[in-house]
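[1] Structural data only, the sequence is not supplied:
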């Protein structure tokens, strides 16, 4: 029922209760007049009933009216109780709800019944819901990106980058990185490729070697001797580097490895390298360069994100769709995963409700306290006023019966 219907119903029952009082008053007047002309005993009984009924009706009318208004507009103490006590009513109502509805023993059975994983899985399994979710999330993120102040974001990125780089020891990073490569033996592939390249270079440039030997030789030495020397050099070098290329345990490999380990340690510990890398870092961290790097980074991120979010079949959206589908399947079929999700939701809801029960009470108290007194009286009267009119009706009838009983006792026993 809406408020209009409730008002009509309340008015109807008020008229009924008031009409019953008026009826008793009319009967009382009639019986009083009739009793003066007719001494019959039955008239006294009816008169006693109607008289007591009027008293009962008036008493209960006063009691019901005093709850919501001043009777006849007269400011009698302890009347218009709802309006005058709305703050206390709000506090008591809030405490009542918290103590009787939000206590641990009351909410625990309902919390334990919570099972949302399967419902969420079913909802996510529908393509239309996935698309709606994607559309809403994309719209929110795009709106955020468009509203962000680019200058503030760039300054933030630059500030954080500078803070992170302040304590960054580049020499240790490079030294540790080199040691990591050496420990993994990844440098061996480089040595193998380099040895192969040197071997091929020597073999492909035999004529150059001969010319070099000839140019450095004495004029008295015959040409064939120079050529033989050049062939020996070319053959020896190519075979040597071929051995290095094919033999993973070649001594040159070990020697190079040891030199690299020494170099990595030198980079991490020697002052000259610490100073060199500090200069490199300081050059990198100049304000104008930081600003340029930050601007480039943010523009790239923003442009990429907006493009991915605006296109229907972008890589990002396809990736999200794939994960949403997998998530919905897991929520529907994986009982272990379902139990974990539901348990987490139950624990979180239980803790949150218990932690904030006082706030629920304060909300009720504050809401009631902010209502206008008259509005609160009207709201409550609309809700319970109909039932309270039956108190008036019952008071009329019970009062009349009590008056009849008293009159009978007096006439028969006194």
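    Everything's here; your move. Every value quoted in this text rests on a predicted model; they were computed, and no experiment measured them.
[2] any idea which helix is longest in this structure?
    Longest helix of the chain, by residue count under DSSP state H: helix 373-413.
[3] In terms of secondary structure, what does that helix contact?
    Here helix 373-413 touches helix 3-37, helix 41-68, helix 81-84, helix 86-101, going by 3 or more Cβ pairs under 8 Å, 6 or more residues apart in numbering; DSSP states H and E. All C-beta atoms are positioned from the backbone trio N, CA, C, and that covers glycine.
[4] Is residue 312 in a helix, a strand, or coil?
    Three-state assignment for residue 312 (DSSP: H, G, I helix; E, B strand; the rest coil): coil.
[5] any idea how far it is from residue 271?
    In this view, residue 312 and residue 271 are 58 Å apart by Cβ to Cβ, to the nearest Å.
[6] again with residue 150
    As judged by Cβ to Cβ, residue 150 and residue 271 stand 42 Å apart.
[7] When these two are compared, which one has more neighbours?
    Counted by other Cβ atoms under 10 Å, residue 150 and residue 271 do not tie: residue 150 has more neighbours, with 12 against 8.
[8] Residues in contact with the helix or strand hosting residue 107: which ones?
    Assigned by DSSP states H and E, residue 107 belongs to helix 104-112. With contact meaning Cβ atoms under 8 Å, 6 or more residues apart in numbering, helix 104-112 is reached by 100-101, 346, 349-350, 353-354.
[9] the inter-axis angle of that helix versus helix 86-101?
    With axes from the mean of the first three to the mean of the last three Cα atoms, to 10 degrees defining the directions, helix 104-112 sits at 60 degrees from helix 86-101.
[10] Give me the buried stretch members for helix 104-112, please.
    Neighbour counts over helix 104-112 (16 or more other Cβ atoms under 10 Å) mark 107, 111 as buried.
[11] any idea of the mean pLDDT for it?
    Helix 104-112 comes out with an average pLDDT of 79.
[12] I'd like the next helix or strand past it.
    Counting by DSSP H and E, the next helix or strand C-terminal to helix 104-112 is helix 117-125.
[13] in the stretch 51-200 of the chain, which ranges drop under the pLDDT threshold?
    Along the stretch 51-200 of the chain, segments meeting pLDDT under 70 span 80-87, 89-90, 167.
[14] Counting by contacts, list what the helix or strand hosting residue 236 packs against.
    Assessed by DSSP H and E, residue 236 sits inside helix 223-246. Packed against helix 223-246 by the contact rule (3+ Cβ pairs under 8 Å, 6+ apart) you find helix 187-204, helix 206-216.
[15] can you state the direction angle for the first one and helix 223-246?
    Spelled out, it's helix 187-204. Helix 187-204 and helix 223-246 are oriented at 160 degrees to each other (the same axes, to 10 degrees).
[16] buried sites along helix 187-204?
    Those buried within helix 187-204 under the rule 16+ other Cβ under 10 Å are 187, 191-192, 195, 198-199, 202.
[17] how about CSV for those, with distance to residue 231 added?
    CSV is the format used below for the buried residues of helix 187-204 (distance: Cβ to Cβ, whole Å):
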residue, distance to residue 231
187, 32
191, 26
192, 26
195, 21
198, 17
199, 15
202, 11
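[18] Out of those, flag the one nearest to residue 341.
    residue 187 (47.6 Å; Cβ to Cβ).
[19] give me every residue that touches the closest one.
    Contacts of residue 187 (Cβ under 8 Å, 6+ apart): 181, 256-257, 260.
[20] Okay, it and residue 164: tell me how far apart.
    Look at residue 187 and residue 164: by Cβ to Cβ, they are 29 Å apart.
[21] My guess is residue 381 contacts residue 9. True?
    No. Look at residue 381 against residue 9 with Cβ atoms under 8 Å: they stay out of range, at 11.6 Å.
[22] who has more neighbours, those two?
    Neighbours were tallied for residue 381 and for residue 9 using other Cβ under 10 Å; the higher tally belongs to residue 381 (20 against 15).
[23] if we can go back for a sec, select, out of the helices and strands packed on helix 223-246, the one closest to residue 393.
    That would be helix 187-204 among the helices and strands packed on helix 223-246, by Cβ to Cβ, at 101.8 Å.
[24] Show me how far that closest one is from its chain's centre.
    59 Å (Cα atoms, centre = their mean, to the nearest Å).
[25] Check stretch 123-133 too.
    How far stretch 123-133 lies from its chain's middle: 20 Å, per Cα atoms, centre = their mean.
[26] buried stuff in it?
    Those would be 124-125, 130, for stretch 123-133 by 16+ other Cβ under 10 Å.
[27] Specify which member of those residues is nearest to residue 394.
    Each of the buried residues of stretch 123-133 was scored against residue 394 by Cβ to Cβ, and residue 124 proved nearest at 57.7 Å.
[28] May I have the residues that are in contact with that closest one?
    Contacts for residue 124 (Cβ under 8 Å, 6+ apart) come out as 130, 133, 324-325, 327-328, 331.
[29] what's the closest non-adjacent residue to residue 311?
    Excluding the flanking residues, the one nearest residue 311 by Cβ to Cβ, 6 or more residues apart in numbering is residue 317, at 7.2 Å.
[30] Hmm, residue 307 and the one you found touching each other?
    No. If you go by Cβ under 8 Å, residue 317 and residue 307 don't touch, sitting 10.9 Å apart.
[31] ok, those two, which is more surrounded?
    Remark: of residue 317 and residue 307, residue 317 carries more neighbours, 19 against 11, as counted by other Cβ under 10 Å.
[32] tell me the contacts of that one?
    Counted by Cβ under 8 Å, 6+ apart, residue 317 has contacts 134, 138, 308-309, 311.
[33] Now that we're looking at the nearest residue to residue 315 once chain neighbours are set aside, what pLDDT does it have?
    Of all residues not flanking residue 315 in the chain, residue 308 sits nearest, at 6.7 Å (Cβ to Cβ, 6+ apart). pLDDT, the model's per-residue confidence, is 87 for residue 308.
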